[in-house]
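Chemist: Using only what follows, build the 3D model:
(one chain, ligands or ions: 1)
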Amino acid sequence: MTDSGSQPSRFYLTTPIYYVNARPHLGHAYSTIVCDAIARRKRALGVETWFLTGTDEHGQKIERSAKLAGCSPQEFADRIAGEFRGLWDRLGLTYDDFIRTTEERHIRRVQHLFATLRDRGYIYKGSYTGQYCVSDEAYVDGPPGTICPDCGRATETVSEENYFFKLSAFERKLLEFYEANSGFMGPESTRREVISFVRSGLKDLSVSRTTFDWGIPVPGDEKHVVYVWLDALANYITALGYGSDDAKDQERFKKFWPADIHLIGKEISRFHCVYWPAFLMAAGIPLPRSVKANGWLLFDQGKMSKSRGNIVRAETVHEVLGADALRYFLLREIPFGQDGNFSFDALVQRYNGDLANGYGNLVSRVVNMVHKYFGGVVPEAGAATQAEAALRASAENALASFGPAFDDLNFSEALKGLWLLVAETDGYLTANAPWKKPPERSDADHAALQARVLATAAEAIRLITALVYPILPDATAKVWRQLGQGELADAARNGFLKDLAWGGLKPGTKFGEPAPLFPRAEKDAVERMQKLEEENNRTAVEAVSANDANEAKSAPAATPAAPAIKYAAAPAPAPAVAAKPVARAAAKAPAETAAPQATASAPATAPAPAAETPATPTQERSHITIDDFTKVELRVAQILVAERVPKADKLLRLEVDLGYEKRQILAGIAQYYEPEKLIGRKIVIVANLAPRKMRGLESNGMLLAASLEGGAPVLAGFLEEVPLGARLK
Ligand code: ME8
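Modeler: Just a heads-up that it's a prediction; the model follows:
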């Protein structure tokens with residue numbers, strides 16, 4: 001009985017290429033770690049494997065992020081791409097190639113693909129007026145003001161000359177393809193969504209942009225840049241060598257294309273299961289064998305993402321518990337394809353339960369006893385009793401079921417099954433207690449029992465170690481040495497999993513020195529990780545503040561459409577209502593109540609009856625100069641998303657659109673405003689406040705409201721139509 005099943009002779013798998021608008025977090029690490037585990041297993045089965053990852057560096061979103069950071073898009077992309085690659089290296093991920101879409105090789109080959117699509121009659125020139133979501137880099141159907149159905153942000157109206165791809169011509173072909181290839185998309189929920197999207201009708205797709213230039217020039221018409229999703233999806237073939245004249249590139253492309261798995265997050269299935277196959281069909285290139293979507297890693301009850309401000313970095317877990325702990329947790333805890341919660345507590349619990357007390361402890365017991373009783377040399381097991389036969393049968397069972405479950409991406413099930421064998425081996429040891437000699441047992445019988453039990457348990461450990469190698473590469477390499485098997489990396493390179501079977505641990509094998517694998521995590525592990533995240537968030541906030549300074553510098557360029565509102569000839573009299581900023585807590589206020597001490601006048605707020613709210617007597621106020629006032633950047637913003645913050649009765653999380661950018665603000669108005677009723681409402685915010693964290697979320701600004709004694713705050717607003725981003729002066 002071996003583990004290998006039927007395997008292809010070569011295998012190509014890819015991660016999404018990640019946007020360089022923000023640093024990597026655990027969500028990105030999750031998809032990349034899954035691919036790394038698959039790639040390691042395939043190689044260890046003797047399959048020639050190519051594992052591609054990389055970064056997606058063009059498009060309007062990156063251009064804007066760079067502008068905000070005060071540097072060129074290329075400098076910005078270089079920095080963040082370096083962070084992704086550096087992190088993957090620190091985590092020991094074994095990608096074969098890391099493609100950046102700003103590389104010359106990619107640019108030339110995308111141009112080749114575009115020209116091919118045009119030459120084959122699938123691209124024509126037209127013009128597009130409609131909605132565009134910059135965050136998703138996606139066209140959205142609907143009138144101006146439509147909210148992006150995927151991310152919930154406001155779309156922008158674009159009107160420009162474009163090249164169009166005849167996507168509509170592929171509706172039927174795609175449906176036929178899905179029908180004939182039932183394993184193409186997974187999980188089932190993704191498959192259903194994609195099919196229903198295609199059935200609802202496909203419109204031609206704009207595949208170039210003309211209103212900005214951070215992209216790949218369309219060959220022969222360079223005022224256009226290639227739509228960033230066509231550019232990005234093409235990485236899966238350009239990295240292999242599609243469109244290259246070089247013989248080696250061509251050979252690699254021929255060898256590895258079509259891809260066996262495009263592993264992606266579920267939110268980008270439409271791009272991978274509809275647009276990408278259609279582009280390939282149009283270009284006459286074979287289609288990938290499968291697209292598999294992982295679910296979302298959730299943290300603080302929401303999808304872990306930079307824009308929500310609820311991220312955890314892989315570096316933190318790596319530093320405290322090691323990369324293997326993170327890999328094991330992600331693959332064991334979250335059934336692949338489903339959303340799963342991440343928490344430090346659950347991570348430490350799994351680590352202690354399964355790794356420190358489970359596998360780690362088992363290895364240490366057996367290796368130490370082989371050293372103690374047999375001088376570190378594997379004894380002859382002798383004749384097996386029923387107990388050994390039972391353990392062997394379980395091990396062979398695990399060997400037969402682990403591979404198919406893993407290859408179906410059921411990592412959690414595969415590990416669960418294997419850990420039953422860990423527990424059984426542990427139980428077998430305890431039941432036979434080779435460390436305890438009952439008085440009635442002769443020395444010779446006891447030595448025979450010790451030999452039998454330790455050799456059998458060590459063999460079970462060898463199989464467990466080999467199987468779990470793709471998930472715990474660092475720990476298993478240590479165990480392999482302790483079992484006297486040499487370097488696991490060499491064994492993996494030589495396809496050792498292919499011939500894995502019971503009975504490989506030969507008597508006479510000299511064990512290596514015992515060494516700790518997973519030291520038990522103490523209570524402070526959770527605190528240490530939380531602290532590392534807090535420290536990182538603080539530095540990030542400082543970095544954002546620095547960005548704000550840059551933003552101020554580049555404001556004229558970034559906000560061309562943000563006219564200032566001027567008062568009529570004479571300044572309006574001081575309004576009777578003191579508008580009080582309610583979003584950002586002043587230093588002393590508890591974070592949740594977010595009731596700042598400072599007040600600011602709100603000239604644009606409709607005055608409330610004077611009787612209700614007496615104005616502060618002028619003589620009690622200290623005056624500020626006009627220069628002081630102009631330091632406060634008050635701007636018009638529109639609420640796009642409003643939702644309650646879990647476990648914070650008073651806080652609402654808002655995403656607001658300033659016209660030139662979107663941001664998150666926390667406001668202490670949850671007791672007075674229903675979140676749903678706020679969506680679409682125009683408000684006034686203090687746009688240049690330093691960012692601040694509340695309940696783990698970052699607030700980037702403060703909204704203005706009239707503060708009524710003993711009553712509900714009233715949000716500042718306008719009677720006339722005002723453009724987003726307009727400055728109040
Ligand atoms: O979408 N849970 O890039 P991106 C699970 N550039 N996976 C997550 C995650 C989470 N909370 N957050 C991110 C793009 N991911 C495009 C892709 S491909 C041709 C272009 C993972 O930086 C997941 O794989 O937004 C998701 O699809 C990907 O990161 C999105 O990365």
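Chemist: Can you name the residue of the stretch 351-500 of the chain that approaches the ligand most closely?
Modeler: residue 409 (13.7 Å; Cβ to the nearest ligand atom). From N, CA and C alone the C-beta is placed, and that goes for glycine too.
Chemist: likewise the stretch 101-250 of the chain?
Modeler: residue 232 (3.9 Å).
Chemist: what does the stretch 301-450 of the chain give?
Modeler: For the stretch 301-450 of the chain, Cβ to the nearest ligand atom, closest residue to the ligand: residue 304, 3.7 Å.
Chemist: count of neighbours near that residue?
Modeler: Residues near residue 304, counting by other Cβ atoms under 10 Å, number 20.
Chemist: Likewise for residue 383?
Modeler: Count around residue 383 with other Cβ under 10 Å applied: 7.
Chemist: ok, now which ones touch it?
Modeler: Contacts for residue 383 (Cβ atoms under 8 Å, 6 or more residues apart in numbering) come out as residue 452.
Chemist: please redo it, this time with the cut-off set to 10 Å
Modeler: Counting by Cβ atoms under 10 Å, 6 or more residues apart in numbering, residue 383 makes contact with 448, 452.
Chemist: hang on, the residue of the stretch 351-500 of the chain closest to the ligand is in a strand, isn't it?
Modeler: No: assignment of residue 409 by DSSP: H, G, I helix; E, B strand; the rest coil gives coil, placing it outside any strand.
Chemist: Now that it has come up, it's in contact with residue 338, right?
Modeler: No: look at residue 409 against residue 338 with Cβ atoms under 10 Å: they stay out of range, at 11.4 Å.
Chemist: Mutual contacts of those two, please.
Modeler: What both residue 409 and residue 338 touch, as defined by Cβ under 10 Å, 6+ apart, is the set 187, 294.
Chemist: out of those two, which sits in the more crowded spot?
Modeler: residue 409 (23 against 13).
Chemist: Excluding chain neighbours, what is closest to the more buried one?
Modeler: residue 336 (4.6 Å; Cβ to Cβ, 6 or more residues apart in numbering).
Chemist: so how far is residue 498 from that neighbour?
Modeler: Per Cβ to Cβ, to the nearest Å, residue 336 is found 24 Å from residue 498.
Chemist: Equivalent analysis for residue 330, please.
Modeler: 26 Å.
Chemist: Counting neighbours, go ahead and name the busier of these two.
Modeler: Comparing residue 330 with residue 498 by other Cβ under 10 Å, the one with more neighbours is residue 330, at 27 against 14.
Chemist: Now that one: which helix or strand?
Modeler: Using DSSP states H and E, residue 330 maps to helix 323-333.
Chemist: How about residue 161?
Modeler: strand 156-165.
Chemist: and what of residue 58?
Modeler: With DSSP H and E as criterion, residue 58 is part of no helix or strand.
Chemist: For it, grab phi and psi.
Modeler: Main-chain dihedrals, residue 58, degrees, to the nearest 10: phi -100, psi 180.
Chemist: hang on, isn't it packed against residue 234?
Modeler: No: using Cβ under 10 Å, residue 58 is not in contact with residue 234, being 11.3 Å away.
Chemist: shared neighbours, these two?
Modeler: What both residue 58 and residue 234 touch, as defined by Cβ under 10 Å, 6+ apart, is the set 101, 106, 110, 216, 226.
Chemist: okay, now the closest residue to the second one other than its chain neighbours: neighbour count?
Modeler: Spatially, and ignoring its direct neighbours in sequence, residue 106 is nearest to residue 238 (4.7 Å; Cβ to Cβ, 6+ apart). Neighbourhood size, residue 238 [other Cβ under 10 Å]: 25.
Chemist: Residue 487 too?
Modeler: 11.
Chemist: pLDDT at it, what is it?
Modeler: Residue 487 is assigned a pLDDT of 98 by the prediction.
Chemist: Wait, it touches residue 480, no?
Modeler: Yes: if you go by Cβ under 10 Å, residue 487 and residue 480 touch, sitting 7.3 Å apart.
Chemist: how long is stretch 475-489 from one end to the other?
Modeler: 12 Å (Cα to Cα, to the nearest Å).
Chemist: Show me what counts as buried in that stretch.
Modeler: Buried residues in stretch 475-489, defined by neighbour count with 16 or more other Cβ atoms under 10 Å: 475, 476, 477, 478, 479, 480, 481, 482, 483, 484, 485, 488.
Chemist: Quick check: closest non-adjacent residue to the fifth one.
Modeler: On the basis of Cβ to Cβ, 6+ apart, the spatially nearest residue to residue 479 that is not a chain neighbour turns out to be residue 465, at 4.7 Å.
Chemist: so that neighbour touches residue 483, yeah?
Modeler: Yes: counting by Cβ under 10 Å, residue 465 touches residue 483, with 7.0 Å between them.
Chemist: how close does the residue of the stretch 301-450 of the chain closest to the ligand get to residue 343?
Modeler: 11 Å.
Chemist: overlap in contacts of the two?
Modeler: Common neighbours of residue 304 and residue 343 (Cβ under 10 Å, 6+ apart) are 298, 312.
Chemist: As CSV, the shared contacts of residue 58 and residue 234 with secondary structure and distance to the ligand would be great.
Modeler: Shown next, in CSV, are the shared contacts of residue 58 and residue 234 (DSSP: H, G, I helix; E, B strand; the rest coil; distance: Cβ to the nearest ligand atom, whole Å):
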residue, secondary structure, distance to the ligand
101, coil, 9
106, helix, 12
110, helix, 12
216, coil, 14
226, strand, 13
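Chemist: Between those residues, which sits nearest residue 284?
Modeler: Looking at those and their distance to residue 284, the nearest is residue 110, at 16.4 Å (Cβ to Cβ).
Chemist: so who does the residue nearest to residue 106 touch?
Modeler: Residue 238 neighbours (Cβ under 10 Å, 6+ apart): 99, 101, 103, 105-110, 112-113, 231, 244, 249, 253.
Chemist: Generate a ChimeraX selection restricted to the buried subset of those residues.
Modeler: The ChimeraX selection below is limited to those of the contacts of residue 238 classed as buried (16+ other Cβ under 10 Å):
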select :99,101,103,105,106,107,109,110,112,113,231,244,249,253
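Chemist: so of the contacts of residue 238, which ones are in helices?
Modeler: Among those, the ones falling in helices (DSSP state H) are 105, 106, 107, 108, 109, 110, 112, 113, 231, 249, 253.
Chemist: does residue 462 count as helix, strand or coil?
Modeler: Per three-state DSSP, residue 462 ends up helix.
Chemist: hang on, isn't it packed against residue 488?
Modeler: No: the criterion here is Cβ under 10 Å, and residue 462 misses it with residue 488 at 11.1 Å.
Chemist: Need the overlap of contacts for these two.
Modeler: 479, 480.
Chemist: got the CA positions of the helix or strand where residue 653 lies in PDB?
Modeler: Taking DSSP H and E as the criterion, residue 653 maps to strand 648-657. Output of strand 648-657 as PDB, limited to C-alpha atoms (Å, rounded to 0.1, in the frame of the first residue of the first chain):
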ATOM      1  CA  ALA A 648     -19.000  48.400  20.700                       C
ATOM      2  CA  ASP A 649     -22.500  49.700  21.300                       C
ATOM      3  CA  LYS A 650     -21.700  53.200  20.400                       C
ATOM      4  CA  LEU A 651     -19.500  52.900  17.400                       C
ATOM      5  CA  LEU A 652     -20.400  52.700  13.700                       C
ATOM      6  CA  ARG A 653     -17.800  51.900  11.000                       C
ATOM      7  CA  LEU A 654     -18.300  54.100   8.000                       C
ATOM      8  CA  GLU A 655     -16.700  54.000   4.600                       C
ATOM      9  CA  VAL A 656     -16.900  57.400   3.100                       C
ATOM     10  CA  ASP A 657     -16.100  58.700  -0.400                       C
END
